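Q: Need the 3D shape of this:
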Amino acid sequence: MKDVVIPQKVKEIISKFIENKAEIYIVGGACRDLLLGREVNDWDFTTNLPPEEMKKLFPKNSFYNNNFGTLSILGKDGEIFEVTTFRTERGYSDSRHPDEVKWGRSLKEDLERRDFTINAIAIDFKPTLPSLKKGGFSTDNFKIIDLFEGQKDLEKKLIRTVGKPDERFKEDALRLIRAIRIAGQIGFEIEENTLKSIQKEAKLINNIAGERIRDEIFKVLLSDKPSQGVNLLRNSGLLGELMPELISGVNMTQKGHHIDDVWNHNLKTLDNCESKNPVTRLAALLHDVGKPKSMRGEEGSRTFHNHEVYGSRIAVNIGKRLKLSNKELDQLFRLVRWHMFTVQETQTDKAVRRFIRNVTLDYIDEMIAMRRADRLGSGAKETSWRWELFKKRIVEVQKQPFAVKDLKIKGDDVMEILKIRPSRRVGEVLEAIFKEVEEKPELNDREILLKKIKEFK
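A: Sure, this is the predicted structure:
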């Protein structure tokens, strides 16, 4: 904590409360990350002021539209800082939201309702009067408030609940997967009793909306070593509730160039995926999810023909459970469905263009990132001369007419020359001409194509 750096924007918020003789503390993940020396992305605070009093301190740049006592303060760069009134909660009939929220009277009441000990730490900064006038304060003048031994758990690298784990998870089942996500992000283990409770209460995760689960899964997938989080999901029993199809690959050996079973190959592919797109990371994890369904033969001679076809359907079903958007589902489908493409120097330009159409230009870079990860996850080299040649050809073929819209003629030309009205016939003529141009790109000259149209009279 000696080298802790508090941004000026955070100092200004804290100073505003102190100037008005209110209590204000940095809490939650922000404290955890400060103590770990990690970058803080979300600054959360708690205070003794009710929302209407907080609003008076930030009348022009804040809003309050919930029942949980949280005021959102809009920073100069668009960043949102959340300040929540001390509160206590009672009853969780839906395993997610408290049935009753009351403003608390002390920081202790607020901290004891939190999920994990490492998130139940508060930092109290006390600005000096001279520094307040300058709009800031010295970070040397602070006090750590740790009522549940969160600092010890930080040293031990443990995720442990505040109080009895069964109670915490029954209050809010999202905490089941939050424990895994945080552990995966910061490289911690789950404390023994906490893990046992997650395993015991795993089915409660089905009470949580798919959107919330998706957000946590995406954070796991985007961590530095996502396989750690996915393994924790499996060991906790949560993966069996959320993606049971993946578990079928455990201990399913493969032949040929593969050195791992299907499960571990999926994990290694995920770890080697450089893309920061969470859907691509999900596709990397699921790219071989269809192998158990398509498996034929015994160990040592197994085949997985058309596993990408089975896998794309399974992946989309998983994506729907996670409430992916239609665009995200399309991306997931294409990356899994077409990941088994051939890379050979003998391929024609037409074959390369067909590959691009299947994947679409939107996802070419994502497919390349996933293919690289798949190679590394199989124990192969990152690249080869054939692979590098293929990537160059992907660029080159896009310089040629790639679709009807790339022709140097339009539907208006067809209608004018053939004296026809807008109809299916216009499209048929353009498509027929495009097929010729696709074989011979040099034909894509306006004068030549105008003559071609006349051949359809």
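
Q: Would you double-check that Ile73 falls in a helix?
A: No - read with DSSP: H, G, I helix; E, B strand; the rest coil, Ile73 is strand and lies in no helix.

Q: On the three-state scheme, Lys268 is what?
A: helix.

Q: Leaving out sequence neighbours, find the closest residue to it.
A: Gly377 (3.7 Å; CB to CB, 6 or more residues apart in numbering). Using the backbone N, CA and C atoms, a C-beta is placed for each residue, glycine as well.

Q: any idea how far that neighbour lies from Gln254?
A: Taking CB to CB, to the nearest Å as the measure, Gly377 falls 12 Å from Gln254.

Q: ok, those two, which is more surrounded?
A: When Gly377 and Gln254 are compared for neighbours, Gly377 comes out ahead with 25 against 21, by other CB atoms under 10 Å.

Q: quick one: the more buried one from Lys255, how far?
A: The value you get for Gly377 to Lys255, if CB to CB is used, is 16 Å.

Q: Equivalent analysis for Lys454, please.
A: 58 Å.

Q: okay, these two: which has more neighbours?
A: With other CB under 10 Å as the criterion, Lys454 and Lys255 differ in neighbour count, and Lys255 comes out ahead with 12 against 9.

Q: How is the more buried one classified with respect to secondary structure?
A: Secondary structure, three-state DSSP: Lys255 is coil.

Q: Any regions of the stretch 251-400 of the chain where pLDDT drops low?
A: 256-258, 299-301, 345-346, 399 (pLDDT under 70).

Q: residue boundaries of the helices in the stretch 51-200 of the chain?
A: Using DSSP state H, counting those that start in this stretch, the helices found in the stretch 51-200 of the chain span residues 51-57, 107-111, 129-133, 150-156, 165-171, 174-186, 192-200.

Q: Go through the ones you listed and name the closest to Arg334.
A: Set against Arg334 and scored by CB to CB, the helices of the stretch 51-200 of the chain come closest in helix 174-186, at 26.9 Å.

Q: Strands of the stretch 151-300 of the chain, start to end?
A: According to DSSP state E, counting those that start in this stretch, the stretch 151-300 of the chain carries its strands in the segments 158-159, 189-190.

Q: who wins for proximity to Ile80 among the ones you listed?
A: Distances from Ile80 to each of these were compared using CB to CB; the shortest belongs to strand 158-159, at 26.2 Å.

Q: just checking, Leu322 touches Ala209?
A: No - using CB atoms under 8 Å, Leu322 makes no contact with Ala209, being 10.2 Å away.

Q: Neighbour count: these two, which is higher?
A: Neighbours per residue (other CB under 10 Å) separate Leu322 from Ala209, with Leu322 holding more: 21 against 11.

Q: hey, what's Ile159 bridged with?
A: Bridge pairing for Ile159 (DSSP bridges) gives the partners Ile190.

Q: Most tightly packed of the helices of the stretch 51-200 of the chain?
A: Of all the helices of the stretch 51-200 of the chain, helix 174-186 has the most neighbours on average by mean count of other CB atoms under 10 Å, namely a mean of 24.

Q: Nearest residue to Lys203 in space, please, no chain neighbours.
A: Counting by CB to CB, 6+ apart, the residue nearest Lys203 is Glu241, at 6.3 Å.

Q: wait, what's in contact with the closest residue to Thr280 other than its chain neighbours?
A: Beyond its immediate neighbours in the sequence, the residue positioned closest to Thr280 (CB to CB, 6+ apart) is Glu366, lying 4.4 Å away. With contact taken as CB atoms under 8 Å, 6 or more residues apart in numbering, Glu366 is in contact with Ser275, Asn277, Val279, Thr280, Ala283, Gln331, Leu335.

Q: Who wins on neighbours among those?
A: Neighbour counts for the contacts of Glu366 peak at Ala283, which has 33 neighbours (criterion: other CB under 10 Å).

Q: dump the residue contacts of the residue nearest to Lys268.
A: Neighbouring residues of Gly377 by CB under 8 Å, 6+ apart: Asp260, His265, Asn266, Leu267, Lys268, Thr269, Leu270, Asp271, Asn272.

Q: Who wins on neighbours among the residues you listed?
A: Neighbour max across the contacts of Gly377 (other CB under 10 Å) = Thr269, 28 neighbours.
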